[in-house]
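# I would like the atomic coordinates for the input below:
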Amino acid sequence: MATVLTLNNRSRILFERGQFSMQGEPTEAALKVFAEKLAAYSGQKPDFKINPMPFEEKISKQVHKIATLDFSSERKTMSTVVIGYDGSL
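This next block holds a predicted model:
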């Protein structure tokens, strides 16, 4: 679930001047925070103040995004096509 929430999301979480902030849509940012916390629950203890998105950084090294279909009210979904999830870029 964390992988899907991370790859299919354009928001960014930042830590500047002692505060967390977001870039992008509020719902996407909330999902990004959830994905990072979910990934951290797997046993890692990241310091989010040093790197607010360690899971995204890790996943981004394993995949290459081919295409993204943005959310639309007609489709009611956002889709991202990737290759290399198994590490075979």
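
# in this structure, which spans are strands?
12-16, 19-23, 64-69, 79-83 (DSSP state E).

# Which one, of those, ends up nearest to Ala40?
Across the strands of the chain, Ala40 has its closest neighbour in strand 12-16 (12.7 Å, Cβ to Cβ). In this view, the C-beta of every residue, glycine as well, is placed from N, C-alpha and C.

# Can you list the helices and strands that that closest one packs against?
strand 19-23, helix 26-40 (3 or more Cβ pairs under 8 Å, 6 or more residues apart in numbering; DSSP states H and E).

# Pull the distance from the first one to the chain's centre.
By that I understand strand 19-23. Here the centre of strand 19-23 is set off from its chain's centre by 14 Å, with Cα atoms, centre = their mean, to the nearest Å.

# what is the rounded mean pLDDT of that strand?
Strand 19-23 comes out with an average pLDDT of 93.

# rewinding a little: looking at the helices and strands packed on strand 12-16, which one is packed in the most?
Among the helices and strands packed on strand 12-16, helix 26-40 has the highest mean neighbour count (mean count of other Cβ atoms under 10 Å), at a mean of 17.

# what's the angle between that one and strand 19-23?
Going by axes from the mean of the first three to the mean of the last three Cα atoms, to 10 degrees, helix 26-40 is angled at 120 degrees with respect to strand 19-23.

# contact partners of helix 26-40?
1-3, 5-6, 9-13, 22-23, 46, 48, 52-56 (Cβ atoms under 8 Å, 6 or more residues apart in numbering).

# how about it as CSV, C-alpha atoms only?
Extracted C-alpha coordinates of helix 26-40, given in CSV (Å, rounded to 0.1, in the frame of the first residue of the first chain):
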residue,chain,number,x,y,z
PRO,A,26,-3.7,18.4,0.7
THR,A,27,-5.2,15.0,0.2
GLU,A,28,-2.1,13.7,-1.7
ALA,A,29,0.1,15.2,1.0
ALA,A,30,-1.8,13.4,3.7
LEU,A,31,-1.5,10.1,1.8
LYS,A,32,2.2,10.7,1.3
VAL,A,33,2.6,11.2,5.1
PHE,A,34,0.6,8.0,5.7
ALA,A,35,2.8,6.1,3.2
GLU,A,36,6.0,7.3,4.9
LYS,A,37,4.7,6.3,8.4
LEU,A,38,3.5,3.0,7.1
ALA,A,39,6.9,2.2,5.6
ALA,A,40,8.6,3.3,8.8
